[in-house]
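> Here is a sequence with its predicted model. Questions after.
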Amino acid sequence: MGKGNCKLIIHGGAGRLEGKVATKEQYRIGLQEAIHPAYETLLEQGSRAAVLHAIRLLENDPIFNAGTGSKLQKDGRVRMSAGLMDSMDGIFSGVINIYDVEHPISVADSLRAEVHHLLSGNEATEYARRKGFPFHDPITMSRFIEYRKALRNREKFGTVGAVALDDEGIICAGTSTGGIGNETPGRVSDSASVAGTFADSVGGVSCTGKGEHIINQAVAAQVIYRLRDGVPLKKILTELSKEGASRNHEFGLISLDQTGRFGVRSTKASISVLYALKDSHHQLDFTNGGRNLIL
Ligand code: ASP
């Protein structure tokens, strides 16, 4: 595979469901500022490095609900989750409800080398400290104000994710989130699970939307296992979103298959995935407006 086959797709959550801390144009700019440098990383260092780079940039950007700028839970605290997986070794690693770190995705990455690849809560945060990740307060004023208007912000979601294919054919997928906002402390998101993030040699998926719904349909893992059975990506996404719509589920996803086909899909017109993609032929960034994209 040559550099010309490298592909990167990223997302910044589920459109208007993100909340009101930024305009659509600001989200577009935020995605642009992440995809170009991360694509350079993809060409130079491969898919895992690119996914990490893209997600760290989005975690740094306070308008996205991941890392700095994460939504607050019902008790006024930020707890974040992130998951990461690639086709090189097929190891899923992640953190659930970690707090006071700048880059949950980096802690998820670090856990790949450990005996246990998934840690939660206090223990995830203590692990991060032991590994040298410094204290970082991810709460921003906008999110705090949003939290104070908590009741009106129920059922809003948002997250960030990336999927990349490199010139060695390695596929990596990652997702990082501050959750849905105002959730019961202890709630577990889909992002650090194989329902929300999954990759192997046939494809990669990162989801956004209501975690409970994503978990109900085992979305990311289901896409990859059907790809393994030889079902085309388009058919899988069509059937998946049809089932989602019939169950009144609200989620969207970004995906890539091993041939380099991009897929963006939502269960409803109101779930508009904010995404950007880049390869040697395309540079697209917009919301999918609830529509579906196969490229
Ligand atoms: N899926 C995330 C969660 O349920 C939120 C999101 O993607 O917007 O925590």
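Now that the structure is in, tell me what you want to look at.
> near the ligand at all, stretch 230-244?
No: residues of stretch 230-244 are not located near the ligand by CB under 6 Å from any ligand atom, the shortest gap being 13.3 Å. To be clear about C-beta, it is placed using only N, CA and C from the backbone, and glycine gets the same treatment.
> Over to stretch 136-146?
No: Stretch 136-146 lies apart from the ligand when judged by CB under 6 Å from any ligand atom; the minimum separation is 13.7 Å.
> Flag every buried residue along that stretch.
Neighbour-count burial for stretch 136-146 flags P138, I139, T140, R143, E146 (criterion: 16 or more other CB atoms under 10 Å).
> And the first one, its phi and psi?
Listed backbone geometry of P138 is phi -90, psi 0, with angles given as degrees, to the nearest 10.
> Now do the contacts for it.
Contacts for P138 (CB atoms under 8 Å, 6 or more residues apart in numbering) come out as G67, T68, G69, S70, V78, M80, Y99, D100, V101, E102, G178.
> Return the member of those nearest to the ligand.
G178 (7.8 Å; CB to the nearest ligand atom).
> in which helix or strand would I find E239?
Element membership for E239, per DSSP states H and E: helix 233-246.
> Show me what that helix is packed up against.
Counting contacts by 3 or more CB pairs under 8 Å, 6 or more residues apart in numbering; DSSP states H and E, helix 233-246 is packed against helix 219-228, strand 251-257, strand 262-266, strand 293-294.
> circling back to that earlier point, filter the buried residues of stretch 136-146 down to the ones in helices?
Judged by DSSP state H, helices contain the following of those: R143, E146.
> Turn the buried residues of stretch 136-146 into TSV, columns for pLDDT.
Converted to TSV, these look like this (pLDDT from 0 to 100):
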residue	pLDDT
P138	92
I139	89
T140	89
R143	86
E146	83
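> Could you measure from V231 over to A220?
15 Å (CB to CB, to the nearest Å).
> How about G132?
Using CB to CB, G132 is found at 30 Å from A220.
> Just want to know which of the two has more residues nearby.
A220 (31 against 7; other CB atoms under 10 Å).
> Isn't the more buried one up against L253?
Yes: contact criterion CB atoms under 8 Å: A220 and L253 qualify, at 7.2 Å.
> if I look at those two, which residues touch both of them?
By the contact definition CB under 8 Å, 6+ apart, A220 and L253 are jointly contacted by V205, S206, C207.
> which one of the residues you listed is nearest the ligand?
Among the shared contacts of A220 and L253, and counting by CB to the nearest ligand atom, the member closest to the ligand is C207, at 6.4 Å.
> Count residues in the vicinity of that closest one, would you?
Residues contacting C207 under the criterion other CB under 10 Å number 34.
> Look up the closest residue to V160, ignoring the ones flanking it.
Counting by CB to CB, 6 or more residues apart in numbering, L58 is the residue found nearest to V160 once chain neighbours are left out, at 3.9 Å.
> so how far is the host helix or strand of that neighbour off the chain centroid?
Assessed by DSSP H and E, L58 sits inside helix 47-60. Put simply, helix 47-60 sits 10 Å off its chain's centre (CA atoms, centre = their mean, to the nearest Å).
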